[in-house]
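> following is a predicted model, sequence given first.
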Amino acid sequence: MSFFDFLPAYELNRSPRIIAAFDTDFLRNLEAFRRSLPLNRPFTMLLQTGWSVQVPSFAAELIQRMAEARRIFPEGRFVFLLNEPEAVPLLKDSAECLPCHQNAFLDPSRYPLAEGEPAFDAIYVARITPFKRHALAAKVKNLHLIGAHSPQEEAYFQTIMATVPHARYDEKISSFRIGRHIGRARCGLALSATEGAMFVCAEYSLCGLPVVNTANIGGRDLMLPDFAAFHAEDTPESVAEGVEYWKAHPVPAQEVREAFLRLAQKHRDVLEEFLGDIAGKRVPLPHKLGIRCRLLPHTKFFHGIRKK
């Protein structure tokens with residue numbers, strides 16, 4: 001195994017050991033974690049839900065895989081961090097459940113507040129894949145799209161690009177620069193019907209943008225300030241209407257950001273108290289809890305778990 005090959009997890013605290021990971025990153029790689037985590041040594045595993053648990057097939061998978069995880073790691077304490085309250089009764093018999101929204105753990109310093117005249121009416125930061133429903137943005141006049149696509153979905157990508165030929169498209173923007181690009185738009189788009197809690201909604205809010213939001217499951221609505229969310233129907237016309245609404249009714253960027261931070265603080269307080277009770281001290285909460293932010297060498301060295 002490569003010296004630089006690490007598990008998809010982030011060690012928040014060494015003693016007692018507290019690890020954070022996305023649910024499927026851990027539960028679909030149990031054998032790799034078994035080889036790398038010392039047996040019979042207690043640990044706490046925080047599992048962030050990356051998809052809506054209200055999807056029956058996904059909830060069933062988590063329940064089945066969690067039973068196997070408990071068999072392999074009887075010394076482990078497993079805690080689901082849930083973005084949607086509806087998930088609690090579905091998973092409470094499989095592991096501890098802590099309503100704690102993933103979008104609360106973005107580092108605000110990465111997202112400068114929007115200022116100046118916007119260059120775009122709307123921005124949609126989303127992988128070009130069917131569940132993101134880019135076709136709903138077809139009637140937005142001045143649009144910026146940011147998002148990669150898989151080679152297996154090349155035909156779909158070409159179809160979407162033909163649907164929005166007027167849009168500016170960037171395949172990838174560095175995570176350290178994404179905030180500046182978001183801040184050049186009047187509003188952000190959130191168009192999926194089913195997914196997880198959608199980190200980019202928090203990024204829109206931290207930059208001070210209102211959102212055009214469709215009905216969805218996954219939990220993103222809980223962290224959107226009410227006064228900065230236009231609820232659109234699942235039609236291109238309604239989404240375009242939402243964009244025009246924010247053009248005609250702008251909201252102060254600072255107010256959007258501050259409202260989001262107030263919502264986020266409640267969730268940060270919950271997790272800080274929970275982890276403090278385990279560790280007996282304050283446990284720092286990194287950007288996105290460090291989940292899938294493990295590529296930098298210093299992050300691997302201090303917080304990574306090397307594969308064996």
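Nice, I can see it.
> endpoint to endpoint, stretch 48-57 covers what distance?
Taking CA to CA, to the nearest Å, the span from the opening residue of stretch 48-57 to its closing residue is 17 Å.
> determine how far that stretch lies from the middle of the whole chain.
Here stretch 48-57 shows a centroid-to-chain-centroid distance of 13 Å under the convention CA atoms, centre = their mean, to the nearest Å.
> could you do stretch 61-71 as well?
Between the centre of stretch 61-71 and the centre of its host chain there is 23 Å, according to CA atoms, centre = their mean.
> ok, stretch 300-308 next?
Averaging C-alpha coordinates over stretch 300-308 and over its chain gives two centres that are 22 Å apart (CA atoms, centre = their mean).
> equivalent analysis for stretch 223-235, please.
With CA atoms, centre = their mean as the basis, the distance from the averaged C-alpha position of stretch 223-235 to the chain average is 18 Å.
> same check on stretch 190-197?
Mean-position distance between stretch 190-197 and its chain equals 10 Å (CA atoms, centre = their mean).
> ends of it, what's the gap?
Calculated as CA to CA, the first-to-last residue distance of stretch 190-197 is 11 Å.
> residues making contact with it?
49-52, 55, 83-84, 101-103, 124, 126, 131-134, 136-137, 198, 200-201, 204, 211-220, 222-223, 234, 239 (CB atoms under 8 Å, 6 or more residues apart in numbering). The C-beta positions use only the backbone N, C-alpha and C, and glycine is treated the same way.
> give me the buried positions along it.
Within stretch 190-197, the residues that qualify as buried by neighbour count (16 or more other CB atoms under 10 Å) are 190-192, 195-197.
> and for stretch 164-171?
Going by neighbour count (16+ other CB under 10 Å), the buried part of stretch 164-171 is 164, 167.
> likewise stretch 38-55?
With burial defined by 16+ other CB under 10 Å, the residues of stretch 38-55 counted as buried are 43-53.
> again, but for stretch 132-141
Burial within stretch 132-141, assessed by neighbour count using 16+ other CB under 10 Å, is assigned to 132-134, 136-140.
> before we move on, what about stretch 284-295?
When neighbours are counted by 16+ other CB under 10 Å, the buried residues of stretch 284-295 are found to be 285-286, 288-292, 294.
> distance of Ala59 relative to Pro252?
The gap separating Ala59 from Pro252 is 40 Å, by CB to CB, to the nearest Å.
> no no, Leu209
Distance from Leu209 to Pro252, by CB to CB: 11 Å.
> Ala197 now?
According to CB to CB, Ala197 stands 25 Å off from Pro252.
> what's Phe26 in contact with, if anything?
Phe26 touches 8-9, 33, 45, 47, 69, counting by CB under 8 Å, 6+ apart.
> Ile305 too?
By CB under 8 Å, 6+ apart, the residues touching Ile305 are 6-7, 9, 11, 19, 36-37.
> and for Glu273?
With CB under 8 Å, 6+ apart, Glu273 has no contacts at all.
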